[in-house]
Each structure stands twice: as structure tokens, then as C-alpha cells.
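Peer 1: Sequence and predicted model, in that order:
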Amino acid sequence: MSKFEFPKSIISRPVWGTLEVRSGEHHLMIAEAEGAKATLDIATPELMAHTHIIYIPRNTDFADRLRALNSAQFYEGPSYSASLQRIRRVLSDAHMGLQVYLSGTEGVMGQAMNEATAVGIPHTAIQTEHRGSVARRMQCVHCKGITEDVEVDPYVCAHCGLNLFVRDHYSRRLAAYQGVRVDAEDHGNVPEQKAIYE
């Protein structure tokens, strides 16, 4: 799955845009999995001369195509958590006017956005484009455990074992959707699982 049209929802749910080239002397592109396609879509030699690309493959293989762009710097990390120190270092060393481009899944974009805003990058300098999986990063509101790549509703919390309703309520602070016990008032009455956007 490459591009997905998210259904209308509550206000707290993020709205992802489309990457576009912005003027500036410094650019950081964090591309996860199919998010690499969004980077490839806007790449120009002029832009790449001032761009640091951080690519997280997640079972995709765009590394050769991204390297062929001849960006100023290129890093391929095995996972978001493995790339986090690099992301933090690039952001902490950033010059004024850095433009940040995030593409991939909601979970990675949300976490990377938090890192950027934490060091003072204004939200107006951060662009996002969803590409790839629609699985959600979820927090159980009961045990506070976070589970990555939730694709079904309800789902069983990997930390406390409760059956959770996958809500559209999104916490920007946690970069995660919130899961609430689905059978809190009628224990054992759990609806049949289905895909989140089914």
C-alpha cells in the first residue's frame, strides 16, 4: 500500500500532507519504508546538494535509488530506534532555517516530529507525507504500554492483555493513538476483530 486516503475523523487526529520543495540552505529528510518514494518524488540535484537523508528501510529496498540522488549526507538505519541518536544529533547541530521532511508511517513521522519540535524547529518548517502501512502506534490508557504496528480493532494489549478499542484520539506528545478497554462494563463481551479501516 503506498498512498491511503484517511477517512474524516476527530480534530486530534493528524492530517498528513504532501512533501514539496522549500527554499533553504539545509534540509533533513527522514524517509521510512515507502516514504522513500515521497523523497524520490521531490528530489532535484539542487535540493540534494543541501540535504541529509536518513532512510529506515523496514523491509523495502530504496537505498540504491536514494544513494543515487547524491545527497550531501546519507544514512541507512535498521530501525527508527537505531536511527534515533543520529536524528537527535542532526537536529541538535541544525542551523537556523532547517527544513524537515518526514515521510512514512504515522508512528515514525509522529516520533520524528516530536524530536524536531523538542529542539526548537518550528512546526512550519516540518512537512509530512504518509506512505505505506496504515498500522497504528497505540498506547494502552490503562497500563501506559505502547504497541507498534496495530492493524486490528479491537486488539489485545501486548503489555497487560486487555482487549482495547482502537480510538482515533491521537496524542502528539506520545505520537500514539489511544486504546481503551473495549469490555470495561461487560467483561468478556469483545466484538469480532476487523481491520482498523475496514
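Peer 2: Sure, I can see it. All figures in this text were calculated on a predicted structure; none of them were measured in a lab.

Peer 1: Verify the stated contact: G104 with G35.
Peer 2: Yes - with contact defined as Cβ atoms under 8 Å, G104 counts as touching G35 (3.2 Å). Placement of C-beta: from N, CA and C, glycine included.

Peer 1: what do the two both touch?
Peer 2: By Cβ atoms under 8 Å, 6 or more residues apart in numbering, G104 and G35 have these common neighbours: 131-132.

Peer 1: Which residues outside the strand ranked longest in the chain are in contact with it?
Peer 2: For the chain, the longest strand by residue count, based on DSSP state E, is strand 163-171. Strand 163-171 is touched from outside by 9-10, 12-14, 110, 136, 138-140, 150, 152-157, 176-183, 190, 196, with contacts defined as Cβ under 8 Å, 6+ apart.

Peer 1: Quick check, A49 in contact with Q73.
Peer 2: No - look at A49 against Q73 with Cβ under 8 Å: they stay out of range, at 10.9 Å.

Peer 1: and Y75, what are its bridge partners?
Peer 2: Y75 forms beta bridges with I54, as assigned by DSSP bridges.

Peer 1: Pull the number of nearby residues for it.
Peer 2: 15 (other Cβ atoms under 10 Å).

Peer 1: can you pull the contacts of it?
Peer 2: Listed by Cβ under 8 Å, 6+ apart, the contact set of Y75 reads 52-55, 83, 86.

Peer 1: With respect to E5, which of the residues you listed is nearest?
Peer 2: Lowest distance from E5 to these (Cβ to Cβ) belongs to Y55, with 25.3 Å.

Peer 1: Report the buried residues of the helix or strand following the longest strand of the chain.
Peer 2: Scanning forward in sequence from strand 163-171 by DSSP states H and E, the next helix or strand is strand 176-181. Under the neighbour-count criterion of 16 or more other Cβ atoms under 10 Å, strand 176-181 has 176-179, 181 buried.

Peer 1: Over to stretch 30-50?
Peer 2: Applying 16+ other Cβ under 10 Å to stretch 30-50 flags 30-39, 42-43, 47-48 as buried.

Peer 1: what angle separates the longest strand of the chain from strand 176-181?
Peer 2: Angle of strand 163-171 versus strand 176-181, following axes from the mean of the first three to the mean of the last three Cα atoms, to 10 degrees, is 150 degrees.

Peer 1: Okay then, goodbye and thanks.
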